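Enquirer: Sequence first, then the predicted structure:
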Amino acid sequence: MPVLMYHQIVKDPRSDYDRKPAEFRAELERLAKEDYVPVTAGAYSKGKIDIPAGKHPVVLTFDDSTDSQFALGDDGRPDPDSAIGILLDVAERHRGFTPAATLFVNGDAFPGTGTKKALRWLHAHDFEIGNHTLDHANLRDVSAGEAQHQIAAGQQVITKSAPGAKVTSMALPFGVQPNPAELDIKGAADGERYAYEGAYLVGAGPAPSPYATAFDPVGIPRIRSAGAHDKDAQFGSAHWLDELRDGGVKRYTSDGDPDRVSYPKSSSDRPAKEFKDRTRPY
C-alpha cells in the first residue's frame, strides 16, 4: 500500500521534495477517483484499517511541520492553499475520501500559527501528530543517548502542546535510523519514555500490508510525491500509483471487516503468525 511523503506545498518549489498546490490537489483527486481512502500512519501500523470493502488505503504523511502544510487564518480556519486546507476541500468534494493524515513535527512546528495552537487544532480535528525529533536530527550521526533525547524531547513538545494526544508514529529525519535501529520505536531520555507502532523511512516504494511477515515497524518505506517526469520519477508517487492501478504491484484491497485479515488461498503470501486467529482465506 502507498505511504506517501510530502514536504513543502509551495507555488515555487525549490527542492525535489516540494510540490505545487495544484500538483498536490491533482494527486489527491487521483487518489479519490481510484478508490483510495486515507488512513493515518498509526492506523496502518497498528493494523486497524477500517474502510469500506473494495476500497484501498493510502497514508498521507507530511514532514517538517511547515506553514505550507498547515496554517490557521484570522478566521480560525486552515489556509485554503495549505496542504490541510486542500485536503479538506478535496474530501468535501469526494464522498468517502476521509480527510485523514499524519503530520510529523519538529520542536518549532508551524511557526506562523504557533506550535501549541496548531497542534491543539490538529488533534481536536482528528489529524495524527507524529514525531520527527526535536531538531530534525540525523540520528545516525549522534550517540544512542542523544538519539533517544531527540525523540523523547520531540514527543514532549507534542504531548505538552496538545494534551491528550498520544504519539504512536515517528518519521526518521533524512530517512536515517539510529544505532541500534530499534531505538527509533522504543527508548527513553530525560524521564520521558516512548514506544511507537512504526517508524517511517524516506523510502522509494510501497509498504507491505501491516499483517504480512514482511512488515517491519522499525523501518516502514514511503513514497516521495512526484510527477511522472520529475527527477527520479521511477521512485515517485506517479510511477507507483500507476503500478498499483495496473497490477504491476498487488494493491491492498479492504474486505470491509477491520477485525479480519482476508487473503487468497492461491497467494504465496501469508499473514504473520500473530494474526492467525484473524485470518480468513478465500
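Expert: Sure thing, it's come through.
Enquirer: helix, strand or coil for the residue nearest to D16 when sequence neighbours are not counted?
Expert: Distances taken as C-beta to C-beta, 6 or more residues apart in numbering put K231 closest to D16, at 5.2 Å, once the chain neighbours are dropped. (Each C-beta comes from the backbone N, C-alpha and C, glycine too.) Three-state assignment for K231 (DSSP: H, G, I helix; E, B strand; the rest coil): coil.
Enquirer: Thought S15 was touching K231, still the case?
Expert: No. Using C-beta atoms under 8 Å, K231 is not in contact with S15; the gap is 10.2 Å.
Enquirer: Am I right that M170 is in a strand?
Expert: Yes. Per three-state DSSP, M170 lies within a strand segment.
Enquirer: That one against I129, yeah?
Expert: No. With contact defined as C-beta under 8 Å, M170 does not count as touching I129 (10.7 Å).
Enquirer: Between these two, point out the one with more neighbours.
Expert: Neighbours per residue, other C-beta atoms under 10 Å: of M170 and I129, the larger number sits with I129, 29 against 24.
Enquirer: Alpha carbons only: can I get the longest helix along the chain in PDB?
Expert: In the chain, assigned by DSSP state H, the helix with the most residues is helix 144-161. Provided in PDB are the C-alpha atoms of helix 144-161 (Å, rounded to 0.1, in the frame of the first residue of the first chain):
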ATOM      1  CA  ALA A 144      22.400   6.400  21.200                       C
ATOM      2  CA  GLY A 145      21.700   8.600  24.200                       C
ATOM      3  CA  GLU A 146      21.400  11.800  22.100                       C
ATOM      4  CA  ALA A 147      19.100   9.900  19.600                       C
ATOM      5  CA  GLN A 148      16.800   9.000  22.400                       C
ATOM      6  CA  HIS A 149      16.900  12.600  23.700                       C
ATOM      7  CA  GLN A 150      15.900  13.900  20.300                       C
ATOM      8  CA  ILE A 151      13.000  11.500  20.000                       C
ATOM      9  CA  ALA A 152      11.800  11.800  23.600                       C
ATOM     10  CA  ALA A 153      12.100  15.700  23.600                       C
ATOM     11  CA  GLY A 154      10.200  15.800  20.300                       C
ATOM     12  CA  GLN A 155       7.400  13.700  21.900                       C
ATOM     13  CA  GLN A 156       7.300  16.100  24.900                       C
ATOM     14  CA  VAL A 157       6.600  19.000  22.600                       C
ATOM     15  CA  ILE A 158       3.600  17.200  21.200                       C
ATOM     16  CA  THR A 159       2.100  16.000  24.500                       C
ATOM     17  CA  LYS A 160       2.600  19.300  26.200                       C
ATOM     18  CA  SER A 161       1.200  21.300  23.400                       C
END
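Enquirer: helices and strands around it, which ones?
Expert: Contacts defined by 3 or more C-beta pairs under 8 Å, 6 or more residues apart in numbering; DSSP states H and E place helix 144-161 against strand 102-105, helix 115-124, strand 128-131, strand 186-189, strand 192-195.
Enquirer: what's the closest residue to A195 other than its chain neighbours in contact with, if anything?
Expert: In space, and not counting its chain neighbours, A195 is closest to K186: 5.1 Å by C-beta to C-beta, 6+ apart. K186 makes contact with 194-196 under the criterion C-beta atoms under 8 Å, 6 or more residues apart in numbering.
Enquirer: Now rank those by neighbours and give me the top one.
Expert: Y196 (23 neighbours).
Enquirer: what residues are up against that residue?
Expert: By C-beta under 8 Å, 6+ apart, the neighbours of Y196 are 131, 167-170, 184-186, 217.
Enquirer: do the same with V142
Expert: Neighbours of V142 in contact, by C-beta under 8 Å, 6+ apart: 150, 178.
Enquirer: Distance check, it against E27.
Expert: According to C-beta to C-beta, to the nearest Å, V142 stands 34 Å off from E27.
Enquirer: Mind jotting down where the helices sit in the stretch 151-282 of the chain?
Expert: For the stretch 151-282 of the chain, the helices defined by DSSP state H, counting those that start in this stretch cover 237-246.
Enquirer: Return the distance of stretch 256-266 from the chain's centre.
Expert: 23 Å (C-alpha atoms, centre = their mean, to the nearest Å).
Enquirer: contacting residues around it?
Expert: Contacts of stretch 256-266 (C-beta under 8 Å, 6+ apart): 47-54, 211, 255, 269-271, 275, 278-282.
Enquirer: buried set for stretch 112-123?
Expert: 113, 115, 118-123 (16 or more other C-beta atoms under 10 Å).
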